[in-house]
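**Student:** What shape does this take:
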Amino acid sequence: EVLTLLVLMYPLLRGLALHLHSAVTGSYIPGTHSIAFVNCLNEQIARDIARAIMDKKLAAYVNILPKSSALYFWKGELEESTDILLLVKTRTSKIGELSNYVRSIHPFETPEIISLPIDQGNPLYLKWIEENVPRD
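**Tutor:** Sure, this is the predicted structure:
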């Protein structure tokens, strides 16, 4: 039974150990922050969504990338269009809330909202993200 308990507790204990190590050494825990990608129909919608994300403090920084061409399947048909892409820098713990919020305000039926964890980066920048996105 002790072994079962240890196996079940391992992820929690490992997480605590990583946070303690990070606090002591000042090193970054990979995956603590993420970049979310959100596609938008045009620049006005992109600006509106970016501002709404920032107003809710769901991100520290949002890039609005210029118009790009896109090819995708929609309802079985190959489509071609243009869109604007948002790059949203935030805490990984905020991705669920960010996704729910963007879906609630986005005009697309199925908006692209995907994220990738940040493995490493400038420690000062990563700390800045943390300071500008409140904890849960």
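**Student:** now residue 64, what's its secondary structure?
**Tutor:** On the three-state scheme (DSSP: H, G, I helix; E, B strand; the rest coil), residue 64 is labelled strand.
**Student:** now swap in the one 3 residues further on and tell me
**Tutor:** With three-state DSSP as the basis, residue 67 sits in strand.
**Student:** Could you do residue 88 as well?
**Tutor:** On the basis of three-state DSSP, residue 88 is classed as strand.
**Student:** Could you check how many residues crowd around it?
**Tutor:** Close neighbours of residue 88, defined as other C-beta atoms under 10 Å, add up to 25. Where C-beta positions appear, they are placed from N, C-alpha and C, glycine not excepted.
**Student:** wait, what's in contact with it?
**Tutor:** 35, 36, 37, 38, 50, 53, 58, 59, 61, 62, 98 (C-beta atoms under 8 Å, 6 or more residues apart in numbering).
**Student:** With adjacent residues omitted, what lies nearest to the third one?
**Tutor:** What sits nearest to residue 37 in space, not counting adjacent residues and going by C-beta to C-beta, 6 or more residues apart in numbering, is residue 114, at 5.3 Å.
**Student:** Show me what the helix or strand harbouring the one you found is packed against.
**Tutor:** Using DSSP states H and E, residue 114 sits within strand 113-117. With contacts taken as 3 or more C-beta pairs under 8 Å, 6 or more residues apart in numbering; DSSP states H and E, strand 113-117 sits against strand 33-40, helix 95-105.
**Student:** Pull out the buried residues from stretch 118-128.
**Tutor:** 118, 126 (16 or more other C-beta atoms under 10 Å).
**Student:** Show me the protein divided up by domain.
**Tutor:** Split into domains by the TED database, the chain comes to 1-28, 31-132.
**Student:** Could you give the average pLDDT over the shortest one?
**Tutor:** Pointing back at domain 1-28 there. Mean per-residue pLDDT for domain 1-28: 60.
**Student:** quick revisit: what's the first helix or strand after the strand holding residue 114?
**Tutor:** Later in the chain than strand 113-117, the nearest helix or strand by DSSP H and E is helix 123-132.
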